[in-house]
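Participant: generate a structure from the sequence data that follows.
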Amino acid sequence: MPTEVDATGPTITAAPSVLTRVFKAFSYRDFRLMWFGACLSSIGTWMQIVAQSWLIYRLSHSAFLLALDQFLGGIPIFLFSLIGGVVADRVERRRILLASQYVQLACAALLAILVGTGVVRIWHILSLSFVAGFAQAFGGPAYQALIPTLVDREDMPNAIALNSIQFNMAVTVGPALAGQALARIGETWCFGLNAASFIAPIIALLLISNRFLPKPAKESIFTSLKLGIGFIRRQESMTALIVLAFCMTGLSMPLRTYIPLYVNDIFHAGPRIYGDLLSLMGVGSICGSLAIASLGNAAGKGRRALLMLLCLGATISVFAISRSLVISLAVLVLFGFSLMAVFASVSSLVQLITTDEMRGRVMSVYNCAFRGGMPLGNLMSGWMVPLLSAPVVLTVNGLVLIAVSLYFLLVHRRIASL
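Facilitator: Just a heads-up that it's a prediction; the model follows:
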C-alpha cells in the first residue's frame with residue numbers, strides 16, 4: 001500500500017481502495033468457499049423457481065395456485081424455523097446444512113423425472129415445494145448462524161452484504177438462464193440443473209475448516225427456545241427489527257409472485273420477458289447489496305433501512321399501476337435495489353446485536369419472521385387478487401409499506417436510532 005509522509009514526520013497509510021473495502025470478507029478462505037458454493041446453488045434454485053411458476057401457470061392458469069405454491073414452500077419455514085434454530089445451537093451447523101442440501105437435491109431431481117416423463121401433476125409440485133421448504137427450515141438458521149462465524153466481528157456487515165450479492169447474482173443469472181432454457185429445451189432441464197447445482201455447496205461444506213462445537217445442552221429443546229425468545233424480548237430494538245422483517249417480506253414478495261400474471265395477461269409476452277423482468281430485479285438487488293457492502297460497519301444502518309423501505313413501498317405501487325413494459329423494467333431495478341438494501345441493513349443489525357451462543361435461536365426467529373412473511377403474504381394476496389385484481393392488491397401493499405416505514409421513522413424511533 002503506498003504511503004506518504006507529512007511535514008512533521010508521521011507516516012499516513014493511504015485509505016483502502018473502494019474494491020478492497022467492498023470485498024473485504026473474501027480475504028477469509030472459508031467464507032469464499034461458502035460464497036461460491038451458495039452462489040452456484042442459488043442460480044440453480046432460481047432456474048427452478050422461474051420454471052416452476054411458469055409450469056404451474058401453464059398447467060392451471062390459476063393465480064391462486066401460484067400463490068399456494070409459494071405458501072407451501074414457505075410455511076414450513078414459518079412453522080419449524082424456531083426448532084431449527086435450537087438445533088443449530090446444539091449440533092454442528094455444517095452437518096445440518098449438508099442434510100438440508102441432500103433433501104433439496106432429491107426434491108429437484110424427482111421433479112425433473114416427473115416432468116421429463118410427462119406424469120407431473122400440480123399436487124406433485126406443491127408437495128415437493130413443502131418438503132424442500134421443510135429442509136430449508138433447518139438449513140436456513142444454520143446457514144445464517146454459520147456465515148458470521150467465518151469472519152471477524154468487524155467484517156460481519158460486509159460478509160452479510162456480500163452474501164446478499166451472491167444471492168442476487170443468482171437472481172440475475174438464474175432467471176435469464178431459465179428463460180432461455182424454457183424457450184429452447186423445456187422445464188425438465190431447469191429442474192435437473194438445479195439438482196446438479198446442490199453439489200457445489202455440498203463440496204464447500206466438506207472443505208471448510210471452521211467448526212461450530214456447541215456446548216453440551218442441559219436444558220430441553222423448548223427451554224432452550226424459551227431462553228432465545230426471552231433474549232429477543234429483552235432487546236426492544238430486536239423485536240422491532242423482526243416486525244419490520246415480517247412486514248417487508250409479507251408485503252413485497254407478492255409482487256414477485258404475480259410477475260407471471262403481468263407478463264401473460266398485461267404485457268402479453270412469454271417466458272423470455274419473464275426472465276428479463278426477474279433478471280433486472282436481480283441487477284438492482286446486486287447494486288443495492290454492493291452499496292451496503294461499501295459502507296461496511298458505518299453508523300446509521302437503521303435510518304438507512306427505513307428510508308429504503310419507504311422507497312420499496314413506492315416502487316411496488318408504481319409497478320402495480322404501470323401498463324408500460326419499459327417503465328415496469330425500470331421500476332423493478334429500483335425495487336431490487338431497495339429490497340436488498342433493507343434486507344442487508346436489517347440482517348446486519350440483528351447479527352451485531354446477538355451473541356454467538358444465542359445466534360442460532362435468534363436467527364431462527366428472524367428467519368421465521370423474514371421467511372414466514374412470504375407464505376402468509378402470498379396466501380392473503382392469493383385470496384384477495386381474484387376479488388380485487390393484482391394491481392389493486394399490490395398498490396395497497398406498497399402504500400402499507402410506506403406507512404410502516406414512516407411509523408418507525410417518526411413515531412417508534414428505536415430502529416431509526418441504530
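Participant: for the longest helix seen in the chain, buried residues please.
Facilitator: Identified as the longest helix of the chain according to DSSP state H is helix 29-60. Going by neighbour count (16 or more other C-beta atoms under 10 Å), the buried part of helix 29-60 is 30-57. Glycine gets a C-beta too; all of them are placed from N, C-alpha and C.
Participant: by contact count, what packs against it?
Facilitator: helix 63-88, helix 93-116, helix 122-146, helix 156-184, helix 187-197, helix 199-207, helix 259-261, helix 271-295 (3 or more C-beta pairs under 8 Å, 6 or more residues apart in numbering; DSSP states H and E).
Participant: switch the cut-off to 6 Å
Facilitator: If contacts are counted by 3 or more C-beta pairs under 6 Å, 6 or more residues apart in numbering; DSSP states H and E, helix 29-60 sits against helix 63-88, helix 156-184, helix 187-197, helix 199-207.
Participant: pLDDT weak spots in the protein?
Facilitator: For the chain, the stretches with pLDDT under 70 are 1-19, 168, 171-172, 211-221, 236, 296-299, 355-357, 359-360, 416-418.
Participant: let's see it at 50
Facilitator: Residue ranges of the chain with pLDDT under 50: 1-15.
Participant: now His124: how far from Leu307?
Facilitator: To Leu307, His124 is 44 Å away according to C-beta to C-beta, to the nearest Å.
Participant: nope, Tyr407 is what I meant
Facilitator: 13 Å.
Participant: who has more neighbours, those two?
Facilitator: Between Tyr407 and Leu307, counting by other C-beta atoms under 10 Å, Leu307 is the more crowded of the two (18 against 13).
Participant: who are the neighbours of the helix or strand where Ser328 lies, in terms of helices and strands?
Facilitator: Following DSSP states H and E, one finds Ser328 within helix 325-353. Secondary-structure packing of helix 325-353 (3+ C-beta pairs under 6 Å, 6+ apart): helix 156-184, helix 236-257, helix 271-295, helix 301-321.
Participant: what angle separates that helix from helix 122-146?
Facilitator: 40 degrees (axes from the mean of the first three to the mean of the last three C-alpha atoms, to 10 degrees).
Participant: can you point out the buried residues in the strand or helix carrying Trp383?
Facilitator: In this assignment (DSSP H and E), Trp383 forms part of helix 359-388. Residues 359-382, 384-385 are the ones in helix 359-388 that count as buried (16+ other C-beta under 10 Å).
Participant: now tell me what touches stretch 28-37 from outside.
Facilitator: Here stretch 28-37 makes contact (C-beta atoms under 6 Å, 6 or more residues apart in numbering) with Ala25, Phe26, Leu150, Val151, Gln166, Ala200, Pro201, Ala204, Leu207, Ile208, Asn210.
Participant: chain center to that stretch, what's the gap?
Facilitator: Put simply, stretch 28-37 sits 18 Å off its chain's centre (C-alpha atoms, centre = their mean, to the nearest Å).
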